[in-house]
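Colleague: Sharing a model prediction with you, sequence too.
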Amino acid sequence: MDSQLLRQIIEGAIIVSEKPLDIANIEKLFDEDDKPEREEIRAALDDISSECRGRGFELVRVASGYRFQTKESLAKWVNRVWEVKPKKFSRAMLETLALIAYRQPTTRGDIESVRGVSVSSDIIKALEERGWIRVVGHRDVPGKPELLATTKAFLDYFNLKKLDQLPPLSQLKDFAEVDPVMELSLNSHSTEKLGSKALSEDGDGEPAVSAE
């Protein structure tokens, strides 16, 4: 297949897709008799990425695959297109999400022991409804508490390919430092701090997720 046509097909598919496209899904665009090799697809993606340089958008690889998005450096201006302001997340929700991300798989009780306060069921429900966390099992202790972990949707939303792109937890003095990395907004009136134990230990990470 002509390389230019291949690039155009991939570009068009990524633009119209509601979700990031990985190489396996890109392959499904073609019949068996004209399916390009994976090396050709990767080369086309590299060419598309190069062609985006100097433009207002870029081709980004996240956990679920490839997508186009505006460059982060333009957020100050581009965000004004949206009439509805981005939703602000409470400090409690941010801390809960961060603890799950860094210490997964973890239980609600683990989170409560670190934060020193109970975790609202509404927070867990909200994170699950967003598709950012899910139950991955149960701890083998009395009561069989649910083990929580983040999802590919979490990685996609925060422009991450895998969890090790998060800053090491041991380097954070306060979870407010996660805010610019995750592009989350904190409620300005909240000043609750996490216990020092959470800030001095790296949590268990999940296996790296590939977009292929």
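Modeller: On my side now, so go ahead. Numbers count the residues shown, from 1 in each chain.
Colleague: ok, residue 72 - how many residues close by?
Modeller: 12 (other Cβ atoms under 10 Å). Just so you know, the C-beta spots here come from the backbone N, C-alpha and C atoms, and that holds for glycine as well.
Colleague: hmm, I was thinking of residue 92
Modeller: When neighbours are defined as other Cβ under 10 Å, residue 92 has 18 of them.
Colleague: Next up, the contacts around the nearest residue to it once chain neighbours are set aside.
Modeller: Leaving out its chain neighbours, the residue that sits closest to residue 92 by Cβ to Cβ, 6 or more residues apart in numbering is residue 123, at 6.1 Å. Counting by Cβ atoms under 8 Å, 6 or more residues apart in numbering, residue 123 touches 90, 92-93, 96.
Colleague: between the residues you listed, which has the most around it?
Modeller: Highest neighbour count within the contacts of residue 123, by other Cβ under 10 Å: residue 96, with 26 neighbours.
Colleague: does it belong to a helix or a strand, and which?
Modeller: In the assignment (DSSP states H and E), residue 96 maps to helix 91-103.
Colleague: Mind giving me the packing neighbours of that helix?
Modeller: helix 108-115, helix 121-129, strand 146-150, helix 178-182 (3 or more Cβ pairs under 8 Å, 6 or more residues apart in numbering; DSSP states H and E).
Colleague: Ranking those by mean neighbour count, which comes first?
Modeller: strand 146-150 (a mean of 21; mean count of other Cβ atoms under 10 Å).
Colleague: any idea of the angle that strand forms with helix 121-129?
Modeller: 50 degrees (axes from the mean of the first three to the mean of the last three Cα atoms, to 10 degrees).
Colleague: And the next helix or strand past strand 146-150?
Modeller: helix 152-157.
Colleague: still on that earlier bit, how about the helix holding residue 96: buried residues?
Modeller: Residues of helix 91-103 classed as buried: 91-103 (neighbour count, 16 or more other Cβ atoms under 10 Å).
Colleague: Residue 140 versus the most centrally placed residue in the chain, what's the distance?
Modeller: Centroid-nearest residue in the chain, with Cα atoms, centre = their mean: residue 155, separated by 1.7 Å. Per Cβ to Cβ, to the nearest Å, residue 155 is found 28 Å from residue 140.
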